[in-house]
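Trainee: return atomic coordinates for the entry below.
(2 chains)
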Number of protein chains: 2
Amino acid sequence: MDIGYLGPKGSFTHSAACSYFSSGNLISYASLVQLIDARMNKQIDYAMVPVENTIEGSVLPTIDGIYQTLPTIQGELVLPIAQQLMVHKNHQDHWQKATLICSHPQALAQSQVFIRDHMPHAEIEQMASTTLGAKKVADQPEEIYAAIGPKMAAKEYDLVIVEENIQSVANNETRFWLLGDEPIAADLIFVQQKATLIVDLPMDRPGALYHLLEIFAKAKINLTKIESRPQKTRLGDYFFIIDLEVPEDVSILESALKQLDGQSFPFNLIGNYPTYRKP
Amino acid sequence: MDIGYLGPKGSFTHSAACSYFSSGNLISYASLVQLIDARMNKQIDYAMVPVENTIEGSVLPTIDGIYQTLPTIQGELVLPIAQQLMVHKNHQDHWQKATLICSHPQALAQSQVFIRDHMPHAEIEQMASTTLGAKKVADQPEEIYAAIGPKMAAKEYDLVIVEENIQSVANNETRFWLLGDEPIAADLIFVQQKATLIVDLPMDRPGALYHLLEIFAKAKINLTKIESRPQKTRLGDYFFIIDLEVPEDVSILESALKQLDGQSFPFNLIGNYPTYRKP
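Mentor: As a prediction, this is how the structure comes out:
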């Protein structure tokens, strides 16, 4: 079984794939476009993609790629995102003297209070990923360099974590989706069953969104997220991606979808899937 | 009168500021965070900010900065976004031989079909702005380099436009908002009067969005855009930014807002403003 993830090795999405699958062949992809295309072309059985982060909001290349390729979501996993400060083992006793901190801009932003308080004189180098930051530190052991990233990045490049959980926001989490043709359960904590819809809703059809939400409100189906994105044709044409809690009596959802159909909303149900957390 | 814009000089936002104001002191800011903060601290009278593009969707640093600082929108301007191919005048007759094309990733993406068809062998260099690409071309006249960007960038750096409107999407447009304390009309084509609301809507209040939309649907007020963004506290807490057409009888809007208040939705009206196009 081939499982693609947004790499490089040691990334948060790699962590998500490792948590979901206890076996299988994990394949790193350099970009979300390449990863989602590989799934569409059936070069891989599953793709693990980041969908939303507490701070950054939706991962737009994922949302746009899903709109274009309409894959099926087979599972959701929510992981806490913690940033670790890591150095080469030669420097673990004097990491405060680091002259350079290399990491992804998001990880740097999440750790800025720590940096300001503990390493105000270090230069900052923005890298394309946290893992590339760790690689740079590992490649130049003679320099006192530090990287910020996930635990797996330290493990991957044999660095020592000298300060744990340096990110500023306590509840920093990322949601991941597993895309694939076949349902596959994970040995994790089941939270709830969710479903996701994509609906084209031009804004020049007044009240369309209201009528759509009315169907779900009357069926007492709870929406957990609703987001609009441009169709990329002209300003004012949007699609909506809607996550909802699947009712225990699934016929309630089926009946709501039938009503949607009756109102001629062009929509796609792109998954009815379990959501998980790690133990 | 001091008007800040997202720079550098020659950027599309600079164009927007020049179109809106025939006089005034234009001040370039390097980032949207700095620009929006300068307006909040009243260091400038107005700030011109990009809000939404046909291809890229919402400009998230603008939306998030507006949520945090709650400025007042005094006007909206929609500009077509056209990309021009420009070179140093020494090379205007043999621009096809350019060895390097430098531009912002968005402009490069919008022009990729042209590049593939006409300059497949040129190297690509991603720059932080289209203007910096033009500057690089101007700084090295001995090299056959090309830049892609707006007309103003060519003017600013005395480059020659050798191919016009090379972007792939015909209706590529960007919306800009003018933020400030005082209304100010522009000598442009008036399109319509719009208003913008920001509403906190935690998703664990089921049906909240439906009840909000119901108020506007029953008042026959047309929404032109609705977007959710994270509150950045925990997954599942969102705010919505809603653009609507102001009815000719403005008391209809006032009565809808009173009903919103009555349902204890925490909201802010952040502008009731004219929208413009260029002649």
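Trainee: elements contacting the longest strand along chain A?
Mentor: Assignment by DSSP state E gives strand A:189-202 as the longest strand of chain A. Of the remaining helices and strands, those touching strand A:189-202 by 3 or more CB pairs under 8 Å, 6 or more residues apart in numbering or on different chains; DSSP states H and E are strand A:73-80, helix A:208-218, strand A:237-245, strand A:267-277. C-beta: built from backbone N, CA, C; applies to glycine.
Trainee: buried residues in it?
Mentor: Residues A:Gln193, A:Lys194, A:Ala195, A:Thr196, A:Leu197, A:Ile198, A:Val199, A:Asp200, A:Leu201 are the ones in strand A:189-202 that count as buried (16 or more other CB atoms under 10 Å in any protein chain shown).
Trainee: neighbouring strands for it, and are they parallel or not?
Mentor: Counting by DSSP bridges, the strands paired with strand A:189-202 are strand A:237-245 (antiparallel), strand A:267-277 (antiparallel).
Trainee: next, the angle from it to strand A:73-80.
Mentor: Orientation note: strand A:189-202 sits at an angle of 110 degrees relative to strand A:73-80 (axes from the mean of the first three to the mean of the last three CA atoms, to 10 degrees).
Trainee: so how far is strand A:189-202 off the chain centroid?
Mentor: 15 Å (CA atoms, centre = their mean, to the nearest Å).
Trainee: what is the rounded mean pLDDT of that strand?
Mentor: Mean pLDDT, strand A:189-202: 92.
Trainee: need the residues that contact that strand.
Mentor: A:66-67, A:70, A:73, A:76, A:78, A:208-209, A:212, A:224, A:228, A:231, A:236-246, A:253, A:260, A:265-279 (CB atoms under 8 Å, 6 or more residues apart in numbering or on different chains).
Trainee: one more time with 6 Å
Mentor: Contact with strand A:189-202 is made by A:73, A:208-209, A:237-246, A:265-272, A:274-275, A:277, A:279, as judged by CB atoms under 6 Å, 6 or more residues apart in numbering or on different chains.
Trainee: same question, stretch A:111-126
Mentor: Applying CB under 6 Å, 6+ apart, the external contacts of stretch A:111-126 come out as A:Gln83, A:Ala98, A:Leu100, A:Ile101, A:Cys102, A:Pro105, A:Ile148, A:Ile166, A:Gln167, A:Ser168.
Trainee: what is the end-to-end distance of it?
Mentor: 13 Å (CA to CA, to the nearest Å).
Trainee: what's the mean pLDDT across it?
Mentor: So the average pLDDT for stretch A:111-126 ends up being 89.
Trainee: so how far is it from its chain's centroid?
Mentor: 25 Å.
Trainee: tell me which other helices or strands the biggest helix by length in chain A touches.
Mentor: Assignment by DSSP state H gives helix A:250-262 as the longest helix of chain A. Judged by 3 or more CB pairs under 6 Å, 6 or more residues apart in numbering or on different chains; DSSP states H and E, helix A:250-262 is in contact with helix A:208-218.
Trainee: quick one: the next helix or strand after the helix it packs on to strand A:267-277, angle?
Mentor: Following helix A:208-218 in sequence order, the next helix or strand is strand A:223-230 (DSSP states H and E). On the basis of the same axes, to 10 degrees, strand A:223-230 is oriented at 130 degrees to strand A:267-277.
Trainee: quick check: which helices or strands does strand A:223-230 pack against?
Mentor: strand A:237-245.
Trainee: need the residues that contact the strand it packs on.
Mentor: Taking CB under 6 Å, 6+ apart as the rule, strand A:237-245 contacts A:67, A:192, A:194-202, A:221-229, A:231.
Trainee: so what's the residue count around the nearest residue to A:Gly65 once chain neighbours are set aside?
Mentor: Among residues not flanking A:Gly65 along the chain, A:Ile36 sits closest, at 3.8 Å (CB to CB, 6 or more residues apart in numbering or on different chains). Using other CB atoms under 10 Å in any protein chain shown, A:Ile36 has 24 other residues around it.
Trainee: and A:Ile36, which helix or strand is it part of?
Mentor: Element membership of A:Ile36 [criterion: DSSP H and E] is helix A:32-40.
Trainee: go through that helix and flag the buried ones.
Mentor: For helix A:32-40, a neighbour-count test (16+ other CB under 10 Å) marks A:Leu32, A:Leu35, A:Ile36, A:Asp37, A:Ala38, A:Arg39, A:Met40 as buried.
Trainee: how far is it from where the chain is centred?
Mentor: Computed by CA atoms, centre = their mean, the separation of helix A:32-40 from the middle of its chain amounts to 14 Å.
Trainee: for it, name the packing helices and strands.
Mentor: Helix A:32-40 sits against strand A:2-6, helix A:60-69, with contacts defined as 3+ CB pairs under 6 Å, 6+ apart.
Trainee: strand partners of the first one, parallel vs antiparallel please.
Mentor: Same thing as strand A:2-6. Strand partners for strand A:2-6, identified by DSSP bridges, are recorded as strand A:25-29 (parallel), strand A:46-53 (parallel).
Trainee: in a markdown table, list the ones you listed along with mean neighbour count, mean pLDDT and distance to B:Gly133.
Mentor: Listed next are the strands paired with strand A:2-6 as a markdown table, based on neighbours: other CB atoms under 10 Å in any protein chain shown; pLDDT from 0 to 100; distance: least, CB to CB, whole Å:
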| stretch | mean neighbour count | mean pLDDT | distance to B:Gly133 |
| --- | --- | --- | --- |
| strand A:25-29 | 17 | 96 | 28 |
| strand A:46-53 | 25 | 95 | 30 |
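Trainee: tell me which of these sits nearest to B:Ile184.
Mentor: Set against B:Ile184 and scored by CB to CB, the strands paired with strand A:2-6 come closest in strand A:46-53, at 37.7 Å.
Trainee: and the closest one, how far out from the chain middle?
Mentor: Strand A:46-53 sits 4 Å away from the centroid of its parent chain (CA atoms, centre = their mean).
Trainee: can you check stretch A:77-84 too?
Mentor: How far stretch A:77-84 lies from its chain's middle: 10 Å, per CA atoms, centre = their mean.
Trainee: what are the buried residues along the helix or strand bottoming out on mean pLDDT in chain A?
Mentor: Across the helices and strands of chain A, mean confidence by mean pLDDT, DSSP states H and E is lowest for helix A:105-110: a mean of 82. Residues A:Gln106, A:Ala107, A:Leu108, A:Gln110 are the ones in helix A:105-110 that count as buried (16+ other CB under 10 Å).
Trainee: still on that earlier bit, which of the contacts of stretch A:111-126 fall within strands?
Mentor: A:Leu100, A:Ile101, A:Cys102, A:Ile148.
Trainee: want to throw those into a markdown table with pLDDT and neighbour count?
Mentor: Formatted as a markdown table, these follow (pLDDT from 0 to 100; neighbours: other CB atoms under 10 Å in any protein chain shown):
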| residue | pLDDT | neighbour count |
| --- | --- | --- |
| A:Leu100 | 96 | 18 |
| A:Ile101 | 96 | 22 |
| A:Cys102 | 93 | 25 |
| A:Ile148 | 96 | 28 |
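Trainee: within reach of chain B, which of these are there?
Mentor: Near chain B, judged by CB under 6 Å from any CB of the partner chain, there are no entries from the ones in strands among the contacts of stretch A:111-126.
Trainee: okay, these in JSON lines with distance to B:Lys155 next?
Mentor: JSON lines is the format used below for those (distance: CB to CB, whole Å):
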{"residue": "A:Leu100", "distance to B:Lys155": "39"}
{"residue": "A:Ile101", "distance to B:Lys155": "40"}
{"residue": "A:Cys102", "distance to B:Lys155": "38"}
{"residue": "A:Ile148", "distance to B:Lys155": "42"}
